[in-house]
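Visitor: below is the sequence, then the predicted model.
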Amino acid sequence: MAGAAQRIVALAEKALGAPLPVRIRTWDRSEAGPPGAPVLVIRNRRALRRVLWRPGELGLARAWVAGDLDIEGDLYAALDLLAELIWEKGDDRQPARSALALARDPDVREAALELVKLAGPGLPPAPPAEEARRRTGLRHTLRRDRKAISHHYDVGNDFYELVLGPSMVYSCAYWQPDGTLEEAQRDKLDLICRKLGLREGGRLLDVGGGWGSLVLHAAREYGVHAVAVTLSREQAAYGRKRVAEEGLTDRIEIRVQDYREVGDGPYDAISSVGMAEHVGSARYREYADDLYALLKPGGRLLNHQIARRPLSDEEAYEVDEFIDAYVFPDGELAPVGRTAGQLEEAGFEVRDVEALREHYALTLRAWVANLESDFARAARLTSPGRARIWRLYMAASALAFERNRIGVNQILAVKTPEGGASGLPLRSREWTADRKRK
């Protein structure tokens, strides 16, 4: 009788109508699939039951997080091969075969029945503890957003130190061809400060301020008075400690506060870096209106945000199941054109859009390398399941940026006064000239 691996490969190829591009190894030590390809390791029958009880991406994600599935060999190559299998080419990136078409296919039904036999009897396994709890009520209320942010960011500052490195910057870096991650993150912080035109004594609001890296750089290098707001208590505590250690408590305040609760404007400049993805489409115009109201006339906004490709039918957009359940609950992506349009609708004048897609792929690969260099310690600092989540989502995201499935953009916008004086020079991209490194 054929081993489990041979049976699974045969079933998968029958259902998919195409050769399986990865090799399979199963709990009975059998192997099948193309020699030399990355190996998808199915450690136990429970992995099959997870997929049967929750077909699709979420079932696979649960098996991965629980350690029932693993990949041996090049993780990026394996994910790339599997992505080619699941997604069609084209702008809409729709699944290659609809669920209805699959259900009507007699070969698929036969394969599913065979898979049930192979999985063995048993109730559906409980989801891993790292899965976000079922959420009720309206999205993006203050209370629900606090829970979503805590799920992602309050997982241990020591864990983030290992992954992010000394910069503690959790957003796309700005790379030189031969640069290091730390240099690239420093250059990104400085790029933002220069785009905002920060000056000695000015006021900066950093929305979603993370561990305080941007406000520290702005206060130290540009002499501003800065306020950073975050919904993560762990981030705020870490940031306040850094501020105190650098002797900048007279220039920097870090608050556990939602951007909708900030009431001490106006500010000369506002930065929002890697935060707007949490706002949601239903609240985005409110977000833009709030930031506009907090700026002085002539003030600048730097909005640094991940973007997805537009769909021919925008109503068909759905949040990725794995990301929603394990990484960024309630997070949403929008096309960059829609983001710029809503900023304009709020009253901003959009003056510059810079795409940094390739830079984020490099950043994510650096973070994955940090994680993999001491994975056992990373698992101890948070949990084995969460370390596996971060490894998968960062590697898959790197590929998504490299393949132009998603992008990231810095939008510089101005609250231009009625007289029309934007305050920007005629050649506004003067910030592209490198400042002398200290």
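Guide: Structure's in. What do you need?

Visitor: now do the same contact list for Pro38.
Guide: With contact set as C-beta atoms under 8 Å, 6 or more residues apart in numbering, Pro38 has these partners: 22-23, 71-75, 77-78, 81. Where C-beta positions appear, they are placed from N, C-alpha and C, glycine not excepted.

Visitor: sorry, that was for Glu114
Guide: Contact analysis of Glu114 by C-beta under 8 Å, 6+ apart lists 7, 11.

Visitor: secondary structure class for it?
Guide: What DSSP: H, G, I helix; E, B strand; the rest coil gives for Glu114 is helix.

Visitor: ok, Ala282 to Ala334 distance?
Guide: Going from Ala282 to Ala334 by C-beta to C-beta, to the nearest Å gives 11 Å.

Visitor: any low-confidence regions in the stretch 101-250 of the chain?
Guide: For the stretch 101-250 of the chain, applying pLDDT under 70 flags the ranges 101-105, 107-109, 111, 134-137.

Visitor: ok but Leu40 is inside a helix, no?
Guide: No - Leu40 sits outside any helix when classified using three-state DSSP, being strand.

Visitor: any figure for the gap between the closest residue to it other than its chain neighbours and Asp80?
Guide: Ranked by C-beta to C-beta, 6 or more residues apart in numbering and with sequence neighbours excluded, the top spatial neighbour of Leu40 is Val22, at 4.9 Å. Relative to Asp80, Val22 is positioned 10 Å away (C-beta to C-beta).

Visitor: any idea where the helices of the stretch 1-150 of the chain begin and end?
Guide: In the stretch 1-150 of the chain, the helices defined using DSSP state H, counting those that start in this stretch lie at 4-16, 45-53, 57-66, 75-86, 99-104, 106-119, 142-153.

Visitor: most tightly surrounded among these?
Guide: For the helices of the stretch 1-150 of the chain, the largest average neighbour count (mean count of other C-beta atoms under 10 Å) is found in helix 57-66, namely a mean of 23.

Visitor: enumerate every residue touching Asn157.
Guide: Taking C-beta under 8 Å, 6+ apart as the test, what Asn157 contacts is 211, 234-235, 237-238.

Visitor: against Arg251, how distant is it?
Guide: Distance, Asn157 to Arg251, by C-beta to C-beta: 22 Å.

Visitor: strands along this protein, start to end?
Guide: Remark: strands assigned in the chain by DSSP state E are 23-26, 31-32, 39-42, 69-72, 203-207, 225-230, 252-256, 267-273, 295-308, 349-355, 406-414.

Visitor: buried stuff in the first one?
Guide: Going by neighbour count (16 or more other C-beta atoms under 10 Å), the buried part of strand 23-26 is 23-26.

Visitor: since we're on the residue lying closest to Asn409 once chain neighbours are set aside, how many residues are nearby?
Guide: Closest residue to Asn409 apart from its sequence neighbours, by C-beta to C-beta, 6+ apart: Val336 at 4.9 Å. Neighbours of Val336 under the rule other C-beta atoms under 10 Å: 20.

Visitor: partners of the closest residue to Pro35 other than its chain neighbours in the sheet?
Guide: Distance criterion C-beta to C-beta, 6+ apart; nearest residue to Pro35, sequence neighbours excluded, is Arg23 at 7.2 Å. Bridge pairing for Arg23 (DSSP bridges) gives the partners Val39.

Visitor: how far away is Arg23 from Gly3?
Guide: 13 Å.

Visitor: any residues in contact with both of those two?
Guide: Between them, Arg23 and Gly3 share the contacting residues 31-32, judged by C-beta under 8 Å, 6+ apart.

Visitor: rewinding a little: the residue nearest to Asn409 contacts Glu354, doesn't it?
Guide: No - using C-beta atoms under 8 Å, Val336 is not in contact with Glu354, being 10.6 Å away.

Visitor: now the common contact residues for these two.
Guide: Common contact partners of Val336 and Glu354 (C-beta under 8 Å, 6+ apart): Asn409.

Visitor: isn't Leu81 up against Arg23?
Guide: No - taking C-beta under 8 Å as the definition, Leu81 is not a contact partner of Arg23, at 10.3 Å.

Visitor: overlap in contacts of these two?
Guide: The contact sets of Leu81 and Arg23 overlap at 37-38 (C-beta under 8 Å, 6+ apart).

Visitor: state the distance from the closest residue to Pro335 other than its chain neighbours to Ala396.
Guide: Nearest residue to Pro335, sequence neighbours excluded (C-beta to C-beta, 6+ apart): Pro310, at 4.1 Å. Using C-beta to C-beta, Pro310 is found at 21 Å from Ala396.

Visitor: likewise for Ala66?
Guide: Ala66 is 18 Å from Ala396, by C-beta to C-beta.
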